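> Next one to model:
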Amino acid sequence: MGVPLRSRNVRKPNKTMRLIITTFAGVIFGFFLGVSFPTLSLTKMNLPSSLFPSIDLTYIEDKYSGLSTQALFNALNSLKANKVVSMPSYKYNETKIWIPTNPWGAERLPPRIIASESDFYLHRLWGQPSEDLTIKPTYLVTFTVGYNQKNNIDAAVKKFSENFTIVLFHYDGLTTEWDEFEWSKRAIHVSVRKQTKWWYAKRFLHPDIIAPYDYIFMWDEDLGVEHFDAEEYIKLVRKHGLEISQPGLDPNSGGLTWAMTRKRDNTEVHKDTEERPGWCTDPHLPPCAAFVEIMATVFSRDAWRCVWHMIQNDLVHGWGLDFSLRKCVEPPHEKLGVVDAQWIVHQSVPSLGNQGQAEGGKAPWEGVRERCRKEWTMFQARMTNAEKSYFEAMGMKPSNLTSR
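Residues are numbered from 1 along each chain as shown. I've put the predicted structure just below:
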């Protein structure tokens, strides 16, 4: 029994010695292997991407190509240990942009690159963009036109200075014919057949598109302007604080319907009137106040932003809008008015009416006029229902509201 015990005691030290020798040999082999490859490229080593998640190894190798691999590893470990990594992070989750206050749809963009508004300024195809514009117009005038009224429009355009951007909406499809007028070559031309002023306005005059313009003139094509000057008109609008306005109409104008829009003598502006008995339920409401027509309307930038949202996509004639424009300014009986000192003549040319179609034995203009009246009724119903829904949702009874 003594011999087996002695044999086990002898083998245990031998195993321990072999382990020590093997470990020492491995260390020596590793040392010589490291010395043999002192400039091993980090970028050619198949390291896990998570090993140095925020370090650009190519950048380090190029910048510190004279250092050994071991020195780089020591430096990196030291930086990570001290949490002093000064190089930018390229980790996706840390560079993702999401800004809820950006315009809808642009939340992923840095704010300083966002161009949320535009304009109708014409730019060159060459040169420096900053040198394109010798002047930036601050006002906009639009006319909805047919070529038959070219002489009338030519006279009207000449009443607007170079401080105005000119936009022509062509309902008859004729555009290049207007190039006989020099001003036409710098105007904006939009052509869609058989459409109205308000159809164009809803689709091409979004408030963010015309944001640079202080005032927007939206005029018909049959207006006489012999006694009108646009710059003087704007001076009066500013002076009297009008957000929505129109020039006074010559008393001899055709189709003069409302007393409010009739030109008055010996005054610059008027904001109210007396109508026929029973026409006005309140002296501060249309058509006795807070009222202009839609044939030659002028809007401030802020007022137009509201009005644009009120225009219905399918009600293209705009009838009924004039009675609701007051909803876009406050107080309306002070912010809407007629400029008497700059006045125009309404010629009542039924050119757009002739763009209709004869049906049921009716002339084209008759069908257009019937559609206008229907739209007025429809618009009034929509506005009434929309207001009713709002007030009911707020727990209020519309019948208890004395003025809206």
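> what helix or strand is the residue nearest to R108 when sequence neighbours are not counted on?
Distances taken as C-beta to C-beta, 6 or more residues apart in numbering put I97 closest to R108, at 5.4 Å, once the chain neighbours are dropped. (Glycine included, C-beta is placed from N, CA and C.) Under DSSP states H and E, no helix or strand contains I97.
> My guess is I97 contacts L109. True?
Yes. In terms of C-beta atoms under 8 Å, I97 counts as a neighbour of L109; the distance is 6.7 Å.
> Among these two, which residue is more densely surrounded?
Neighbour count, other C-beta atoms under 10 Å: between I97 and L109, L109 has more, with 14 against 10.
> Checking the more buried one next. Helix, strand or coil?
The three-state label given to L109 by DSSP: H, G, I helix; E, B strand; the rest coil is coil.
> could you measure it against H206, distance?
Per C-beta to C-beta, to the nearest Å, L109 is found 20 Å from H206.
> go on, L242?
23 Å.
> Looking at these two now, which is surrounded by more residues?
A side-by-side neighbour count of L242 and H206, using other C-beta under 10 Å, places L242 first with 25 against 16.
> is it true that the more buried one touches P332?
No. Using C-beta under 8 Å, L242 is not in contact with P332, being 11.0 Å away.
> can you give me the strands in the stretch 201-350 of the chain?
Taking DSSP state E, counting those that start in this stretch as the criterion, the stretch 201-350 of the chain carries its strands at 215-219, 223-224, 244-249, 269-270, 296-300, 336-346.
> now the ones you listed as JSON lines including distance to N313?
Output for these, formatted as JSON lines (distance: least, C-beta to C-beta, whole Å):
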{"stretch": "strand 215-219", "distance to N313": "17"}
{"stretch": "strand 223-224", "distance to N313": "26"}
{"stretch": "strand 244-249", "distance to N313": "21"}
{"stretch": "strand 269-270", "distance to N313": "34"}
{"stretch": "strand 296-300", "distance to N313": "19"}
{"stretch": "strand 336-346", "distance to N313": "25"}
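> winner for burial among those?
Among the strands of the stretch 201-350 of the chain, ranked by average contacts under mean count of other C-beta atoms under 10 Å, first place goes to strand 244-249 (a mean of 27).
> which residues touch it?
Defining contact as C-beta atoms under 8 Å, 6 or more residues apart in numbering, one finds that strand 244-249 is touched by 228, 233, 237, 256, 261-264, 269, 292-293, 295-300, 303, 307, 325, 328-329, 335-340, 342-346.
> Below-threshold pLDDT in the stretch 1-150 of the chain: ranges please.
For the stretch 1-150 of the chain, the stretches flagged by pLDDT under 70 are 1-17, 19, 24-94.
> can we see that at 80?
1-94 (pLDDT under 80).
> what number of residues lie near P277?
Neighbour number of P277 under other C-beta under 10 Å is 6.
> quick one on the thing from earlier: got a markdown table for the strands of the stretch 201-350 of the chain, with distance to T281 and mean pLDDT too?
Listed next are the strands of the stretch 201-350 of the chain as a markdown table, based on distance: least, C-beta to C-beta, whole Å; pLDDT from 0 to 100:
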| stretch | distance to T281 | mean pLDDT |
| --- | --- | --- |
| strand 215-219 | 28 | 98 |
| strand 223-224 | 31 | 95 |
| strand 244-249 | 21 | 98 |
| strand 269-270 | 20 | 98 |
| strand 296-300 | 23 | 98 |
| strand 336-346 | 17 | 97 |
